[in-house]
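Undergrad: sequence and computational prediction follow.
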Amino acid sequence: GAGVSQTPSNKVTEKGKYVELRCDPISGHTALYWYRQSLGQGPEFLIYFQGTGAADDSGLPNDRFFAVRPEGSVSTLKIQRTERGDSAVYLCASSLNAGLQETQYFGPGTRLLVL
Amino acid sequence: AQSVAQPEDQVNVAEGNPLTVKCTYSVSGNPYLFWYVQYPNRGLQFLLKYITGDNLVKGSYGFEAEFNKSQTSFHLKKPSALVSDSALYFCAVRDNSNSGYALNFGKGTSLLVTP
């Protein structure tokens, strides 16, 4: 079946611009996660949704970052006033349910470059 | 608090030889441990996980991992390496100490299998 999909695959923007990154989870998965992976590092947690609500946004670095999941399926990560330090690969993952035992399945990521 | 250490940045092994990629963890509660593999320009692919029960866990592509509670380790192993196993490997952990469902990843270990 279809896995997690993310669009765009690559995004180049200029410092100060606004960007939106989209994630389409595996059909039927109720939990959705966003991570950020910088070069040479492991993924770092940003935010997690259970259904439509953000259950844990403790990983968002500052208030320029925001994410929504209005219908409990597709999610959009929004970054305002982008900075060069925001350049990274943004990964989305989904799991059937929220739970410690649940496996998270990752999408291919969106590579963001802020010039 | 949760953390994962992957002490080796790179592991080199000849095709046909056994391989080990090391992972140690630190958690407050009971650990839930995962291994993922990342090929160039691809997302993370799930290999295996330890939840409870048998300390030896078998996963995809012939990989296995052994949970060792006394040494707080979860090393990834394969009896006979293939060139196609060359990739970046990530260990991840979460626990049941009310710290949420986010995965905490190590920095990754690059595995190079030479013909």
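TA: That came through fine.
Undergrad: what sits against the residue nearest to residue A:74 when sequence neighbours are not counted?
TA: Spatial nearest neighbour of residue A:74, excluding adjacent residues (C-beta to C-beta, 6 or more residues apart in numbering or on different chains): residue A:24 at 5.3 Å. For glycine as for every other residue, the C-beta is placed from the backbone atoms N, C-alpha and C. Residues in contact with residue A:24 (C-beta atoms under 8 Å, 6 or more residues apart in numbering or on different chains) are A:4, A:5, A:6, A:7, A:73, A:74, A:107.
Undergrad: ok, and the closest non-adjacent residue to the closest residue to chain A within chain B?
TA: Residue nearest to chain A within chain B (C-beta to the nearest C-beta): residue B:105, separated by 3.2 Å. Nearest non-adjacent residue to residue B:105, counting by C-beta to C-beta, 6+ apart: residue A:42, 3.2 Å away.
Undergrad: who's in contact with residue 85?
TA: Because you didn't say which chain, this covers chain A. Taking C-beta under 8 Å, 6+ apart, we find residue A:85 in contact with residue A:114.
Undergrad: meant chain B actually
TA: Listed by C-beta under 8 Å, 6+ apart, the contact partners of residue B:85 are B:19, B:61, B:78, B:111, B:113.
Undergrad: can we see that at 6 Å?
TA: The neighbourhood of residue B:85, defined by C-beta atoms under 6 Å, 6 or more residues apart in numbering or on different chains, consists of residue B:113.
Undergrad: equivalent analysis for residue B:42, please.
TA: Listed by C-beta under 6 Å, 6+ apart, the contact partners of residue B:42 are residue A:108.
Undergrad: distance of it from residue B:82?
TA: For residue B:42, the distance to residue B:82 equals 17 Å [C-beta to C-beta, to the nearest Å].
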